[in-house]
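Asks: with the sequence up front, the predicted model follows.
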Amino acid sequence: MRIEALKSERGGTRCRVAATVVWEDCDRPSREIYFETDQAFGGDLACNPNAFLLGSYQPAMRHGERRIRVEGEICPELHEGLRTAMAWNRLWHYRADTPLPVIEAKMAGRGPEGPRRTGAFLSGGIDSLSMLRRNQLRCPAEHPARIRDCLLIYGTDIGGVLAAGDERRTYELLVAALQNVARDAGVTLIPVATNVRYLDDNLHFWVQEYYGAVLMAVAHAFAPRLASITMASDKDLATLDQFGSHPLVTMNYGGWDLKFFYDGLRLPRQERVQLVADWDAGLNNLRVCTRNVTDRLNCGHCEKCLRTMLGLLALGALGRCRAFAADDLTPAMLRELDLSNMDQITYYQDLMGPLRAIGREDLVRILAHKIAKLEHGPTLLDRLKEDIYPLDQKYLFGMLTRLNRRLRD
């Protein structure tokens with residue numbers, strides 16, 4: 001792989017830095033990848049070879065590239081850290097003899113100079129909002145560790161998948177919502193767009209290996225502005241596993257001029273929900289949904305929405321939250337919950353006690369059934385239902401399904 005033709009572009013209201021990625025050992029098309037932001041932050045956006053290297057290395061490894069030749073100078077600390085991070089990925093996700101692509105580049109002699117700021121990634125979810133809130137409560141206004149800038153990225157879970165098409169409307173809704181959060185928190189919200197994920201937008205690869213690197217690549221593109229960057233963990237110590245932003249991997253993605261911090265590992269999810277529930281600006285501008293509907297922040301029906309709504313309900317906060325259309329959860333809504341991942345069990349087990357405490361045994365029963373089904377596999381009746389469902393939809397237009405729901409309710 002070659003990373004070449006690095007360039008900076010200014011035009012209209014946008015500023016962009018870009019490079020061309022040329023594959024050498026596999027049959028994949030060359031692609032220009034970029035980082036882009038508003039004109040107001042154009043002076044803070046650098047055509048940084050570190051950013052392009054970090055965003056490209058894992059796809060290169062996955063597709064068998066023997067080298068990555070980078071035009072420009074890279075940080076020697078990132079060079080070493082990236083090799084260490086990929087050794088962890090190889091241990092977890094590849095054969096032991098999988099070669100690491102050799103990095104061919106000049107080593108930079110110095111990094112950015114002058115005062116720079118503390119930043120964080122902000123997605124609008126429970127993890128990132130609770131991170132920002134904890135930082136505010138912990139760090140006095142004048143402390144250097146207090147977060148000043150928040151990067152909001154188009155091209156990761158919004159606009160990051162080629163098949164999903166243009167999801168700008170969803171992103172614009174989120175920008176407007178998080179501007180409210182930024183004003184309340186006294187931070188600067190920096191909208192960023194990138195297409196780096198297009199190098200390989202396979203969902204499993206993204207979740208298990210890639211997304212931490214793409215986030216940190218964006219941070220490196222803002223090296224003139226940021227001295228450090230904080231990433232919110234989407235796991236706690238009880239649920240930590242081998243995934244794309246594991247701290248053993250992502251801690252290696254910084255450099256001499258960009259320090260990396262990982263936040264929230266010791267906090268169970270419901271403690272994070274509590275932090276957001278106690279913060280009106282965070283609660284009312286919360287976005288956890290990844291279905292990317294165009295007219296609202298959250299669909300209210302997917303697993304992440306229902307999980308979050310349950311957590312808020314248990315705290316008595318769902319009725320105060322304007323980010324969801326519903327102010328309560330019914331058994332019918334919860335029956336639509338799709339539990340397909342064993343990693344999800346801990347979240348719901350932790351919610352059963354608080355739900356019982358507020359008298360919602362109706363919801364606890366459904367959760368208990370779904371957890372048991374996931375742990376033990378589908379029953380004979382479940383398998384029969386799966387066989388009947390397509391016939392009902394095709395020949396009876398869903399009549400049996402609707403009748404079953406009415407009987408259960």
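Replies: That came through, no problem.
Asks: contacts only, for the residue most central in space within the chain.
Replies: Nearest to the mean C-alpha position of the chain, by Cα atoms, centre = their mean, lies residue 157 at 6.3 Å. By Cβ atoms under 8 Å, 6 or more residues apart in numbering, the contact set of residue 157 is 123, 290, 292. To be clear about C-beta, it is placed using only N, CA and C from the backbone, and glycine gets the same treatment.
Asks: who does the residue nearest to residue 155 when sequence neighbours are not counted bridge with?
Replies: In space, and not counting its chain neighbours, residue 155 is closest to residue 194: 4.1 Å by Cβ to Cβ, 6 or more residues apart in numbering. Beta-bridge partners recorded for residue 194 (DSSP bridges): residue 35.
Asks: who's in contact with residue 194?
Replies: The contact partners of residue 194, by Cβ under 8 Å, 6+ apart, come to 33-36, 55, 153-156, 214, 217-218, 221.
Asks: need the contacts of residue 157 in TSV with secondary structure and neighbour count, can you?
Replies: Formatted as TSV, the contacts of residue 157 follow (DSSP: H, G, I helix; E, B strand; the rest coil; neighbours: other Cβ atoms under 10 Å):
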residue	secondary structure	neighbour count
123	coil	23
290	coil	15
292	coil	19
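Asks: how about residues contacting stretch 67-79?
Replies: 1-6, 19, 24, 47, 49-50, 52-54, 56-57, 60, 101-109, 111, 220, 253-257.
Asks: chain center to it, what's the gap?
Replies: Stretch 67-79 has its average C-alpha position 26 Å from the chain's average C-alpha position, going by Cα atoms, centre = their mean, to the nearest Å.
Asks: same thing with stretch 156-165?
Replies: Worked out by Cα atoms, centre = their mean, stretch 156-165 lies 13 Å from the chain centre.
Asks: and that stretch, average pLDDT?
Replies: Mean pLDDT, stretch 156-165: 93.
Asks: before we move on, what about stretch 246-266?
Replies: Stretch 246-266 carries an average pLDDT of 93.
Asks: measure the closest residue in space to residue 277 that isn't next to it in sequence to residue 358 for me?
Replies: Leaving aside its sequence neighbours, residue 277 sits nearest to residue 317 (Cβ to Cβ, 6+ apart; 3.8 Å). According to Cβ to Cβ, to the nearest Å, residue 317 and residue 358 sit 11 Å apart.
Asks: higher neighbour count, these two?
Replies: Comparing residue 317 with residue 358 by other Cβ atoms under 10 Å, the one with more neighbours is residue 317, at 17 against 12.
Asks: circling back: for the residue nearest to the centre of the chain, pull up the helix or strand it's in.
Replies: Using DSSP states H and E, residue 157 maps to neither a helix nor a strand.
Asks: same deal with residue 87?
Replies: helix 76-93.
Asks: next one: stretch 155-175 to chain centre, how far?
Replies: With Cα atoms, centre = their mean as the basis, the mean position of stretch 155-175 lies at 13 Å from the chain mean.
Asks: and that stretch, C-alpha only, in CSV?
Replies: Taking C-alpha atoms only, stretch 155-175 is exported to CSV below (Å, rounded to 0.1, in the frame of the first residue of the first chain):
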residue,chain,number,x,y,z
GLY,A,155,-18.2,8.8,8.7
THR,A,156,-18.2,6.4,11.6
ASP,A,157,-21.7,5.2,12.6
ILE,A,158,-23.4,7.9,10.6
GLY,A,159,-22.3,8.1,7.0
GLY,A,160,-19.5,5.5,7.4
VAL,A,161,-21.0,2.6,5.3
LEU,A,162,-21.1,2.8,1.6
ALA,A,163,-24.3,0.9,1.2
ALA,A,164,-26.2,3.2,3.6
GLY,A,165,-25.7,6.2,1.3
ASP,A,166,-25.8,9.8,2.4
GLU,A,167,-26.9,10.2,6.0
ARG,A,168,-26.3,13.9,6.2
ARG,A,169,-29.8,14.7,7.5
THR,A,170,-29.3,12.5,10.5
TYR,A,171,-25.9,14.1,11.1
GLU,A,172,-27.3,17.6,10.9
LEU,A,173,-30.0,16.6,13.6
LEU,A,174,-27.2,15.4,15.8
VAL,A,175,-25.0,18.4,15.3
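Asks: how about residues contacting stretch 19-29?
Replies: By Cβ under 8 Å, 6+ apart, the surrounding residues in contact with stretch 19-29 are 1-7, 30-34, 47, 49, 52, 56, 63-67, 71, 199.
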